[in-house]
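>>> I need the structure of the sequence given here:
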Amino acid sequence: MLRTFLFSFSLSVVFSLGAAEPEPPEGYIAIFNGQDLTGWQGSDKYWSVEDGCLTGVADGTLDYNRFITWKAGKVKNFELRVKVKVTPDGNSGLQYRGQERPDLGEWVVTGYQCDVVPKNPDYNGMLYEERGRRILAHTGEKVVIDPQGQPWVVGKMPVQKFPGGEWHDYRVRVEGNHHRHWIDGVMTVDVVDLDEKGRALEGVIAVQVHVGPPMKIQYKDFFVKHLADDLPILKAEGAPIPADAVKVVPQGGGKKKAAAKK
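Now for the predicted structure:
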């Protein structure tokens with residue numbers, strides 16, 4: 001009888017304390033504690049903690065994208081790892097080196113984004129710039145963005161499908177002006193940004209609920225490793241654009257096609 005009581009008491013203590021905080025890999029810090037939104041700022045209309053996950057929900061009536069931002073620090077050179085699950089028609093993104101812009105609307109963050117769009121393999125894991133230069137590299141593209149802000153495809157990688165409704169490991173590593181994304185260990189983009197006026201070298205981390213169909217996005221095991229601040233910035237001579245490079249197709253540009261480089 002006493003043993004049964006102690007077992008029941010132990011279970012009640014575990015559940016009252018909530019889930020244990022995630023254990024980060026060596027060199028990383030956990031930026032979401034798996035229990036509440038401590039360290040994050042966004043609207044509770046869209047964001048909550050569910051089943052130990054940072055959870056965003058939109059009902060299909062959004063007029064513009066909304067974000068929740070990690071407020072405990074900014075990132076410069078870093079590596080980010082997080083497990084992500086989104087509804088099959090959902091659209092979200094991992095915002096990094098972003099800028100909070102309340103002047104543009106409630107809970108708006110601009111800047112670089114690793115897209116989470118399982119229904120479109122060409123977009124899932126791509127590099128997008130929210131309210132900026134927009135598509136900088138589709139999934140499967142190695143890109144150099146020239147000093148005038150034009151992205152050029154300088155190489156290709158295989159594109160794989162990562163279905164919605166399942167957990168996937170997203171990874172982002174940024175060193176100076178060199179950006180790389182992975183899903184489940186598969187590299188999705190490799191980008192060098194030579195555009196000094198357009199690029200950002202520091203900013204916030206945020207995540208997104210997107211306009212469009214109703215959606216649910218969940219994040220867990222959210223870890224960041226800060227790298228050295230003084231990593232080199234690649235110059236044009238270190239990131240050549242071949243004469244046969246083609247322009248990255250802009251958003252709404254239709255079918256991908258070659259374009260003569262000027």
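
>>> who touches the residue positioned nearest the centre of the chain in this structure?
Geometric centre of the chain, nearest residue: residue 94, 1.8 Å, by CA atoms, centre = their mean. Contacts for residue 94 (CB atoms under 8 Å, 6 or more residues apart in numbering) come out as 80, 82, 84, 113, 114, 116, 170, 172, 205, 207. To be clear about C-beta, it is placed using only N, CA and C from the backbone, and glycine gets the same treatment.

>>> pretty sure the last one is touching residue 95, no?
Yes - the pair formed by residue 207 and residue 95 meets the contact definition of CB atoms under 8 Å, at 6.6 Å.

>>> Common neighbours of those two, please.
residue 67.

>>> Scan the helices and strands of this structure for the one with the lowest mean pLDDT.
helix 2-17 (a mean of 41; mean pLDDT, DSSP states H and E).

>>> what's around residue 211, how many residues?
14 (other CB atoms under 10 Å).

>>> Report the contact partners of it.
Contacts of residue 211 (CB under 8 Å, 6+ apart): 58, 62, 63, 64, 65.

>>> Same list (these) but as a markdown table, adding distance to residue 139 and secondary structure.
A markdown table is the format used below for the contacts of residue 211 (distance: CB to CB, whole Å; DSSP: H, G, I helix; E, B strand; the rest coil):
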| residue | distance to residue 139 | secondary structure |
| --- | --- | --- |
| 58 | 23 | strand |
| 62 | 24 | coil |
| 63 | 27 | coil |
| 64 | 24 | coil |
| 65 | 20 | coil |
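
>>> Could you list the low-pLDDT ranges of the stretch 101-250 of the chain?
For the stretch 101-250 of the chain, applying pLDDT under 70 flags no range at all.

>>> mind checking how far the closest residue to residue 187 other than its chain neighbours is from residue 129?
Closest residue to residue 187 apart from its sequence neighbours, by CB to CB, 6 or more residues apart in numbering: residue 157 at 6.0 Å. Computed with CB to CB, to the nearest Å, the distance linking residue 157 and residue 129 is 20 Å.

>>> Mind listing the residues bridging to residue 100?
With DSSP bridges applied, residue 100 shows beta-bridge pairing to residue 109.

>>> Could you check how many residues crowd around it?
By other CB under 10 Å, neighbour count at residue 100 equals 19.

>>> swap in residue 139?
25.

>>> List the contacts of it.
121, 122, 123, 124, 125, 126, 159, 188, 189.

>>> In a helix, it, correct?
No - assigned with DSSP: H, G, I helix; E, B strand; the rest coil, residue 139 falls outside any helix and is coil.

>>> Quickly run through the sheet partners of the one helix or strand residue 55 maps to, with directions.
Using DSSP states H and E, residue 55 sits within strand 53-58. With DSSP bridges as the test, strand 53-58 is paired with strand 47-50 (antiparallel), strand 215-226 (antiparallel).
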